[in-house]
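In: Structure, please.
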Amino acid sequence: MQRFIAARSVCASIFTRKRPFSTALLFDDTQIQFKESVAQFAQENIAPHASKIDQTNSFPQGINLWKLMGEFNLHGITAPEEYGGLGLGYLYHCIAMEEISRASGSVGLSYGAHSNLCINQLVRNGNTAQKQKYLPK
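Out: Have a look, this model is predicted:
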């Protein structure tokens, strides 16, 4: 009887196991291209420094990751084009956040806080003078 229960349990786990979900099936070609370009940027510019960032709790000396991310326009994903952003919306921000977090969870968290809690809130709630002064251009 115990063998039967064990066999049934093993079979049930094999046939009911959930497979990993891939968001790539939900993205259009532009979103996939964006995802791939951010992934490449993150792997080339962030991943090599991830361990050091976690050990020292700071960005490494001699490389300005924040500036590199700005030059790649990661800070302006949700900002309108009139303020120097990409005007792509929150889904693209989430895609970037996911790929940056693959390279470094620490940098991903910092990026997410900056781009969502700062830039995105300025876009949504800032007056014209604040947007002109603080949004990426």
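In: give me phi/psi at the most centrally placed residue in the chain?
Out: The geometric centre of the chain, computed from its C-alpha atoms, lies nearest to Met97 (Cα atoms, centre = their mean), at 1.0 Å. Backbone torsions for Met97, taken as degrees, to the nearest 10, come to phi -60, psi -40.
In: Asn73 now?
Out: phi 70, psi 30.
In: Same question for Gly84.
Out: phi 90, psi 0.
In: returning to that earlier point: quick one: the residue nearest to the centre of the chain from Leu26, how far?
Out: Met97 is 16 Å from Leu26, where distance means Cβ to Cβ, to the nearest Å. (C-beta placed from N, C-alpha, C; glycine too.)
In: quick one on the thing from earlier: how about the contacts made by the residue nearest to the centre of the chain?
Out: 108, 111-112, 115 (Cβ atoms under 8 Å, 6 or more residues apart in numbering).
In: Which members of those residues are positioned in helices?
Out: Those of these mapping onto helices are 108, 111-112, per DSSP state H.
In: Where does pLDDT dip in the protein?
Out: 1-24, 136-137 (pLDDT under 70).
In: for it, longest helix please?
Out: Longest helix in the chain, counting by DSSP H: helix 29-45.
In: List the buried residues for whichever strand or helix holds Gly70?
Out: Here Gly70, judged by DSSP states H and E, is contained in helix 65-71. Residues of helix 65-71 classed as buried: 65, 69 (neighbour count, 16 or more other Cβ atoms under 10 Å).
In: Dump the C-alpha coordinates for it into PDB.
Out: Output of helix 65-71 as PDB, limited to C-alpha atoms (Å, rounded to 0.1, in the frame of the first residue of the first chain):
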ATOM      1  CA  LEU A  65      27.100  53.000 -13.700                       C
ATOM      2  CA  TRP A  66      24.300  55.500 -13.100                       C
ATOM      3  CA  LYS A  67      25.700  57.800 -15.900                       C
ATOM      4  CA  LEU A  68      26.100  54.800 -18.200                       C
ATOM      5  CA  MET A  69      22.500  53.800 -17.600                       C
ATOM      6  CA  GLY A  70      21.400  57.400 -18.300                       C
ATOM      7  CA  GLU A  71      23.400  57.500 -21.500                       C
END
